[in-house]
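Engineer: Starting from these lines, generate the structure:
(one chain, ligands or ions: 1)
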Amino acid sequence: MSDSLAFLGWSGGKVLVGHGPFLDVAEPPSSGAAFYRNEFGLGDPKPWRVPAEWQLVEPAEAMEALGSSDMPLISWETLEATLFAGVFQEITTSIRWGIFEKTVPVVVERGRMEGGGGAAFARRALATAPPLVPYGFLDPSGGFAGMSPEHLLRLDGRTLRTMALAGTARAEEREVLAVDEKEIREHEFVAQALVSKLGDLGRLERGAREVLDLGPIVHFHTPIEVALDRDESIDSLIRRLHPTPALGPLPRTHETMSRLQTWRDRLGAPPEFGAPFGAVVDGVARVLVAIRGLWWQGDELKLPAGCGVIEASRLVNEWRELRLKREAVKARFGL
Ligand SMILES: C=C(O[C@H]1C=CC=C(C(=O)O)[C@@H]1O)C(=O)O
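Structural biologist: Predicted coordinates for the structure are as follows:
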């Protein structure tokens, strides 16, 4: 047994826990469990990680197994707006030139930890309640843990479920979000892109756009379900969907992806931030979008957040939205 561990909120209130060492493979096993971990650009040829041991347990049991280490003390660095402002400017120029309709830069707040955090972060993530889903991957040198509100997909037999999640406001601004044209437009880019990416796979049902409450923060949410005409592999569905315009560029081309990757690298986004993270258990798959989390390596901590930028976006508002998302993550982790 090694000290590496992965977890993911599963159906029925359970959590899937996998213990390393993990065997990295190109395809998911047809029975048993494997985790899916990849980078944003999906460059890993063996993204499936088969654990040496796995269980589906109650979150409390998974938390207990992580021990009782204290939360680390964190000294956060002041986040300078200059770098983001430069990227924002380049994005708005690209939008005006017609290269993008929408893209999603990522800003990273950095901190230094005193007293190691992995297990304590994972325990906090596991304490979350739906609609947030806990996820994480830890080894002795580093890892990530978070509570994501966004499923990239859930696949059970020929039923595929996904969602558009984009458009953000503070809880107090819930009413105005519901009629905010810019936020609706931002959301509709995502919902309509999903409909057009999936429409040829079977009978698609798009649910109504509604406001999803996540405590201090609210989003527009549209559920989408497809009754698939034939069996589809999880990997091909992941590639078809990721990144949706909730995290990626619209249109999604080699060129727009590479521009986004350059901005992400410049701003220091962790490679797995916004990437699919999921698992398969006996052929049933759940794949999240890895957002609202913490990433660490040694004593260095990162808290990334992204924001959708469209033509109507303004720097000050996006900066405020990024802070809101980071504050929501800090509050959930008790930081
Ligand atoms: C990219 C993030 O959020 C996504 C999910 C919900 C709303 C979003 C938005 O309004 O921009 C983002 O698409 C993040 O939390 O870092």
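Engineer: Quick check: next helix or strand after the helix or strand encompassing residue 224?
Structural biologist: Element membership of residue 224 [criterion: DSSP states H and E] is strand 217-228. Under the assignment DSSP H and E, the closest C-terminal helix or strand after strand 217-228 is helix 234-241.
Engineer: ok so, going back, I'd like the average pLDDT over the strand holding residue 224.
Structural biologist: Here strand 217-228 scores 98 as its mean pLDDT.
Engineer: Please apply the same query to stretch 101-120.
Structural biologist: pLDDT averaged over stretch 101-120 gives 93.
Engineer: is the ligand contacted by the strand holding residue 224?
Structural biologist: Yes. Counting by Cβ under 6 Å from any ligand atom, the ligand has neighbours in strand 217-228: residue 219. (Each C-beta comes from the backbone N, C-alpha and C, glycine too.)
Engineer: quick one: buried residues of that strand?
Structural biologist: 217-226, 228 (16 or more other Cβ atoms under 10 Å).
Engineer: again with stretch 245-259
Structural biologist: For stretch 245-259, by 16+ other Cβ under 10 Å, it's 245-250, 252, 256-257, 259.
Engineer: got it, and stretch 256-272?
Structural biologist: For stretch 256-272, by 16+ other Cβ under 10 Å, it's 256-257, 259-261, 263-264, 267, 269-272.
Engineer: now swap in stretch 45-52 and tell me
Structural biologist: 47-51.
Engineer: Of these, which is the nearest to the ligand?
Structural biologist: Nearest to the ligand, judged by Cβ to the nearest ligand atom, of the buried residues of stretch 45-52 is residue 47 at 20.7 Å.
Engineer: can you give me the strands for the stretch 1-150 of the chain?
Structural biologist: 5-9, 15-19, 23-25, 33-37, 48-50, 53-57, 73-76, 106-114, 133-139, 142-148 (DSSP state E, counting those that start in this stretch).
Engineer: Of all the ones you listed, which one comes closest to the ligand?
Structural biologist: Of all the strands of the stretch 1-150 of the chain, strand 106-114 comes closest under Cβ to the nearest ligand atom, at 6.9 Å.
Engineer: Mind listing residues that contact the closest one?
Structural biologist: 72-77, 79, 84, 263-264, 267-270, 273-274, 296, 299-307, 322, 326 (Cβ atoms under 8 Å, 6 or more residues apart in numbering).
Engineer: Name the residues of the stretch 101-250 of the chain found near the ligand, please.
Structural biologist: 104, 150, 165-168, 219, 246-247.
Engineer: give me that answer again for 5 Å
Structural biologist: Contact residues (Cβ under 5 Å from any ligand atom) of the stretch 101-250 of the chain with the ligand: 165-166, 168, 219, 246.
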